[in-house]
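J.: Provided below for reference: sequence and predicted model.
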Amino acid sequence: MWKRFKNWLQWTLHPMPPELRNFSQAVKIKGDDFVLTPAKLDDLNEVVAVESAAYAGETPWPYEIFAYELNRQHDRLYIVMRRPGTNTMVGYIGAAFKPGLREVHITNIAINPEWQSRGLGKFLIVYLMSVANQINFTRMSLEVRASNTRAQQLYQQLGFTKIRTRHAYYEDQEDAFDMALLLGGRTS
């Protein structure tokens, strides 16, 4: 009981390990170099621009929501991917950490259309899966539009399973699928 209380208190006071708040990691994906860093408020305009480009000019999340998310350092982690040299942002992934459930919920992922179909989105998800494993989270989840079959295929390749349908989930009344993955290969 005491151990569970100490774990809860640790996550309440400091849920994210410090190394997840300040890092810079060089990676190579299919021959291209990138740098991963945690998103900062200074990245906000570029995050919104990538989101807008990825969603054909629409921005599913307004600027204010992204600002709110980036300020929630207690339980959110957004990772941006940039090209070294030019420092151009090519994509990002965001996640909400739910310590009581030991779950990481992918809140958003977007890749600039010029960089899509090169494995970058897959890499970001796998990277986040690794982070979740390292801090002893056991489940990942996300929502995806029913019409976004391309994303659904990627998530299924990574082991996510459709859990349920959320009818009229999006503003335009489109359905969403909840998908989940138990880290270690099992789904629930």
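T.: All right, it came through fine.
J.: how about I111, what does it touch?
T.: 50, 54, 90-91, 120-121 (Cβ atoms under 8 Å, 6 or more residues apart in numbering). C-beta here means a position set from N, CA and C on the backbone, and glycine is covered the same way.
J.: So what's the residue count around the closest residue to it other than its chain neighbours?
T.: Nearest residue to I111, sequence neighbours excluded (Cβ to Cβ, 6 or more residues apart in numbering): G91, at 3.9 Å. A count of nearby residues for G91, using other Cβ atoms under 10 Å, gives 25.
J.: so where's the chain uncertain?
T.: 1-4, 6-15, 57-59, 185-188 (pLDDT under 70).
J.: Helices of the chain, start to end?
T.: 2-13, 44-54, 63-71, 120-134, 149-157 (DSSP state H).
J.: and those as CSV, adding distance to E174?
T.: Output for the helices of the chain, formatted as CSV (distance: least, Cβ to Cβ, whole Å):
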stretch, distance to E174
helix 2-13, 34
helix 44-54, 17
helix 63-71, 19
helix 120-134, 20
helix 149-157, 13
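J.: out of those helices, which comes closest to G31?
T.: Minimum separation from G31 across the helices of the chain (Cβ to Cβ) falls at helix 120-134, 12.4 Å.
J.: what's the angle from the closest one to helix 149-157?
T.: 40 degrees (axes from the mean of the first three to the mean of the last three Cα atoms, to 10 degrees).
J.: I65: neighbour count?
T.: 14.
J.: Strands of the protein, start to end?
T.: 25-29, 32-38, 76-82, 89-98, 103-111, 139-145, 161-166, 176-182 (DSSP state E).
J.: TSV please, covering these and showing distance to S130.
T.: Converted to TSV, the strands of the chain look like this (distance: least, Cβ to Cβ, whole Å):
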stretch	distance to S130
strand 25-29	11
strand 32-38	11
strand 76-82	11
strand 89-98	12
strand 103-111	11
strand 139-145	11
strand 161-166	20
strand 176-182	13
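J.: Right, I'll leave it there.
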